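K.L.:
What follows is a predicted protein model with its sequence.
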Amino acid sequence: MKPKLNLKGRNLLSLRDLADPEMLALLDLADHLKCEKALGIRGNRLARMSIALIFEKASTRTRSAFTVAAVDEGASVEYLGAHDIHFGKKESIKDSARVLGRMYDGIQFRGFKQQTVETLAEFAGVPVWNGLTDSEHPTQALADLMTIREYFHNLKGLKTVYIGDGRNNVCSSLMLICAMAGVDFVDCTPPELVPEAAALDQARAAAGRHGSSVSVCHDPMEAVRGANVVYTDVWVSMGEEKQFDERLRLLMPYQVNLPLMRRTGNLENDSVIFMHCLPAFHNHDTEVTRELGALEVTDEVFEASYSKVFDQAENRLHTIKAVMLATLTDGVGYE
Ligand code: CP
Ligand code: NVA
């Protein structure tokens, strides 16, 4: 039997809330839960619990993952659109947190400010999970690392290259989780979009524990040499829509395409995968790209066999379920 992973009562506001072994144990639990689900086994470990899902921003995967994970384990969820409830307008976040914490067993928050999720956690008295803020996306990073480990089996010695908006939520959390796992990380981004020094310092401190590296560079063709993971995200995150034209100008040279994937030197020996948190602009099929076509990744790469984007999306479910079970129960035992 594996030792039970018991994080009961803890929050997940940032990956900084987890010690490196706790983070890896969550991935082990997620692997186990994925096997259970494949075998048709549904648990009852959150029976009769109620989960609040607060959303200030849109979501397909995160909302669905929290909902299905809760229902799989016997809990019920309530979707609370931030515009439908009194949240920061007629009632302070602190008061809403104290009310919701008296009713729900756990609260997911997706929105703008990291400070909001921190205030919720401070006053709710029940576990609070960050489902994305402007600065972090910790549950995404857990699914990302699970997907990387599924493909390569081992993490140590791998090289992940993130290409695009090098200071956004997804990049920041990916950088930190790679560092926590001893995966070399390169943030390839224009000089205008480099991460904050504090985020880099934190990631480098984590990498230092494992003898791995975190670096920033500006040349995609140079960055991807020897990469095992090439990762990108949208160039304009939710809430930044006014910067669309500027980002297009800055980031078009950072598009992930076949010549860039070839440049890794690892395409022929199946030693590189493409990743994206989704949603992605890879063809003409969205309102935004109807005229422009592909932005951060070409369709050819997105649809290739080495693209693991839908494994990543599925793994949101298993990792979020692991987080909920670990923080809401006395731990899950398994072989
Ligand atoms: N990757 C991700 O968080 O997707 P959603 O915005 O659909 O939740
Ligand atoms: N960086 C993106 C991620 C979406 C899942 C955003 O914040 O919009």
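P.N.:
Perfect, I can see it now. Ligands and ions are numbered 1, 2, ... in the order given.
K.L.:
Ramachandran angles for residue 45?
P.N.:
Dihedral angles of residue 45 (phi, psi; degrees, to the nearest 10) stand at phi -80, psi -10.
K.L.:
Let me see the contact set for the residue lying closest to it once chain neighbours are set aside.
P.N.:
Of all residues not flanking residue 45 in the chain, residue 73 sits nearest, at 5.0 Å (Cβ to Cβ, 6 or more residues apart in numbering). Heads up, the C-betas are built off the backbone N, CA and C, glycines and all. Counting by Cβ atoms under 8 Å, 6 or more residues apart in numbering, residue 73 makes contact with 42-47, 321, 324-325.
K.L.:
Can you name the residues of the stretch 51-200 of the chain that neighbour ligand 1?
P.N.:
Within the stretch 51-200 of the chain, the residues that sit near ligand 1 (Cβ under 6 Å from any ligand atom) are 59-62, 132, 140.
K.L.:
re the thing from before, taking the contacts of residue 73 one by one, which sit in strands?
P.N.:
Taking DSSP state E, every one of these sits outside strands.
K.L.:
Please pick the buried ones from those.
P.N.:
For the contacts of residue 73, a burial check counting by 16 or more other Cβ atoms under 10 Å picks out 43, 45-46, 321, 324-325.
K.L.:
Work out which residue lies at the spatial centre of the chain.
P.N.:
The residue lying closest to the centre of the chain (Cα atoms, centre = their mean) is residue 140, at 1.4 Å.
K.L.:
returning to what we had before: mind checking how far the residue nearest to residue 45 is from residue 130?
P.N.:
20 Å (Cβ to Cβ, to the nearest Å).
K.L.:
What's the first helix or strand after whichever strand or helix holds residue 29?
P.N.:
Residue 29 belongs to helix 20-38 when assigned by DSSP states H and E. Next in sequence after helix 20-38, counting helices and strands by DSSP H and E, comes strand 50-55.
K.L.:
for that following strand, packing partners?
P.N.:
helix 61-72, strand 76-81, helix 93-103, strand 106-110 (3 or more Cβ pairs under 8 Å, 6 or more residues apart in numbering; DSSP states H and E).
K.L.:
Could you list the low-pLDDT ranges of the stretch 1-150 of the chain?
P.N.:
For the stretch 1-150 of the chain, residues meeting the criterion pLDDT under 70 lie at 1.
K.L.:
What residues does it have near ligand 2?
P.N.:
Within reach of ligand 2 by Cβ under 6 Å from any ligand atom, the stretch 1-150 of the chain has these residues: residue 132.
K.L.:
Show me the helices in the stretch 101-250 of the chain, by range?
P.N.:
In the stretch 101-250 of the chain, the segments counted as helices under DSSP state H, counting those that start in this stretch are 114-124, 138-152, 169-180, 197-210, 220-223, 244-251.
K.L.:
re the thing from before, just the buried ones out of the residues of the stretch 51-200 of the chain next to ligand 1, please.
P.N.:
59, 61-62, 132, 140.
K.L.:
Please report the distance of residue 179 from residue 15.
P.N.:
Taking Cβ to Cβ, one finds residue 179 at 9 Å from residue 15.
K.L.:
Let me see the confidence value for the residue lying closest to residue 270 once chain neighbours are set aside.
P.N.:
Using Cβ to Cβ, 6+ apart and skipping the chain neighbours, the partner closest in space to residue 270 is residue 306 (7.2 Å). Note for residue 306: predicted pLDDT of 98.
K.L.:
cool, the one 10 residues further on as well?
P.N.:
According to the per-residue confidence, residue 316 scores 99 in pLDDT.
K.L.:
Next, the contact list for it, please.
P.N.:
61-62, 65, 139-140, 143.
K.L.:
repeat that for 7 Å
P.N.:
For residue 316, the contact set (Cβ atoms under 7 Å, 6 or more residues apart in numbering) comprises 61-62, 65, 139, 143.
K.L.:
for those residues, which one is nearest residue 91?
P.N.:
residue 62 (24.1 Å; Cβ to Cβ).
K.L.:
I'd guessed the closest one sits against residue 110; true?
P.N.:
Yes. If you go by Cβ atoms under 7 Å, residue 62 and residue 110 touch, sitting 6.1 Å apart.
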